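> The sequence isn't on hand, but the structure is:
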């Protein structure tokens, strides 16, 4: 796993300007086809000046990817916030995350490609996203066990990881592109199957 760093003050307006311009440039030309030199020309800064704030193209991509995946998690958290039961939280989790991931794919295809590279190459932003999702699944299982909705025999980490693996073809940027046609029905059918398997 590569770790790339941002440089300079995190709230520096130039840094934000670079990220904004890079988002637009990547969105038009694609992440993998763009070099730091291309970005420098598009923004009107020197390549050396950009390197004052980011040590690589990936470091810029990391910020964009983190922002986009954060937006997906915000949608998910809002969707499950007022769910009355753990079972309903799990249903809404699956539905909202597949919809949000699909929306990103269809409406922001070139930016989606950054998330695909991040997932493929295990960037810290993609790894953190998966960890947050794992934690959320565990919280929902724990809540369901406390209320008697879910069985308690299966080890918690095993149950959470199994649910994550069932969801992965519909949330992983690398895999989702091959599963778009079935994503909406999968959200309903697979969550129902998971809930039946966890019944006490």
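Structure received. If you're wondering where the values come from, they're calculated on a predicted model, not measured in any experiment. Residues are numbered from 1 along each chain as shown.

> Please state the offset of whichever strand or helix holds residue 93 from the chain centre?
Assignment of secondary structure by DSSP states H and E places residue 93 within helix 86-107. The gap between the average C-alpha position of helix 86-107 and the chain average comes to 11 Å, counting by Cα atoms, centre = their mean, to the nearest Å.

> who's in contact with that helix?
Where contact means Cβ atoms under 8 Å, 6 or more residues apart in numbering, the residues beyond helix 86-107 that reach it are 68, 71-72, 75-76, 78-80, 83, 111-112, 115, 133, 136-137, 140-141, 143-144, 147, 149-150, 163, 167, 170-171, 173, 176-177, 180, 183-184, 186-188, 190-192, 194-195. Placement of C-beta: from N, CA and C, glycine included.

> Please check the residues you listed and keep the buried ones.
If you count burial by 16 or more other Cβ atoms under 10 Å, the buried members of the contacts of helix 86-107 come out as 68, 72, 75-76, 79-80, 83, 111-112, 115, 133, 136-137, 140-141, 143-144, 149-150, 163, 167, 170-171, 173, 176, 183, 186-187, 190-191, 194-195.

> Mind checking which of these are in helices?
Secondary structure from DSSP state H places 68, 72, 75-76, 79-80, 111-112, 115, 133, 136-137, 140-141, 143-144, 163, 167, 170-171, 173, 176, 183, 186-187, 190-191, 194-195 of the buried ones among the contacts of helix 86-107 in helices.

> any idea which residue sits dead centre in this protein?
Centre of the chain computed as the mean C-alpha position; nearest residue by Cα atoms, centre = their mean is residue 69, 3.6 Å away.

> gap between it and residue 157?
When distances are taken as Cβ to Cβ, to the nearest Å, residue 69 and residue 157 turn out to be 22 Å apart.

> Same question for residue 182.
28 Å.

> likewise residue 37?
The gap separating residue 37 from residue 157 is 45 Å, by Cβ to Cβ.

> go on, residue 38?
Applying Cβ to Cβ to residue 38 and residue 157 gives a distance of 44 Å.

> One more: residue 191?
Between residue 191 and residue 157 the distance is 20 Å, computed by Cβ to Cβ.

> which outside residues touch stretch 13-22?
Residues outside stretch 13-22 that contact it (Cβ under 8 Å, 6+ apart) are 6, 8-9, 34, 39, 42-43, 45, 50, 53-54, 60-61, 63-64.
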